[in-house]
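[1] Structure, please.
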Amino acid sequence: QVQLVESGGGLVQAGGSLRLSCAASGRTYRFPMGWFRQAPGKEREFVAAITWRDDRTSYGASVKGRFTISKDNVNDTVYLQMNNLKPEDTAVYSCAARFIDGLATFGRSYNYWGQGTQVTVSS
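    Predicted coordinates for the structure are as follows:
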């Protein structure tokens with residue numbers, strides 16, 4: 001079993017930055033990770049993903065060039081650095097882990113999920 005706990009969310013003004021963290025515990029060996037977000041009344045949206053073996057990354061179109069995903073293998077933590085935040089980035093951000101290495105942009109490809117952390121961007 002894998003437990004994922006997100007932190008780092010909060011309220012920020014447009015143009016500001018936040019860094020989200022996702023700490024994994026339990027059986028965390030070699031799990032690729034992803035970040036997703038969901039705003040009220042909207043579908044869950046893929047944000048970013050990173051592979052375990054070679055740190056390849058993938059980003060959703062709306063965040064590409066502004067967000068960066070990275071990981072610390074020693075501490076089993078994945079980060080999402082969010083720069084130049086916009087009001088439309090407001091959502092609950094959740095991290096997820098999957099068994100099979102590789103980049104996955106669909107939520108159904110992931111096996112474990114965190115509870116999420118709220119990010120609110122004011123205009």
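[2] contacts, neighbours, all on C-alpha from now
    Fine.
[3] Could you pull up the contacting residues of the nearest residue to residue 2 once chain neighbours are set aside?
    Excluding the flanking residues, the one nearest residue 2 by Cα to Cα, 6 or more residues apart in numbering is residue 26, at 4.7 Å. For residue 26, the contact set (Cα atoms under 8 Å, 6 or more residues apart in numbering) comprises 1, 2, 3.
[4] which SSE is the most centrally placed residue in the chain in?
    Central residue of the chain (Cα atoms, centre = their mean): residue 35, 2.4 Å from the mean position. According to DSSP states H and E, residue 35 maps onto strand 33-38.
[5] quick one, the longest strand seen in the chain and strand 33-38 angle?
    In the chain, taking DSSP state E as the definition, the longest strand is strand 18-26. For strand 18-26 against strand 33-38, the angle between stretch directions is 120 degrees (axes from the mean of the first three to the mean of the last three Cα atoms, to 10 degrees).
[6] how about strand 18-26: buried residues?
    18, 19, 20, 21, 22, 23, 24 (16 or more other Cα atoms under 10 Å).
[7] what is the mean pLDDT for that strand?
    The predicted model assigns strand 18-26 a mean pLDDT of 94.
[8] same thing with stretch 72-91?
    Stretch 72-91 comes out at a mean pLDDT of 95.
[9] That'll do, ta.
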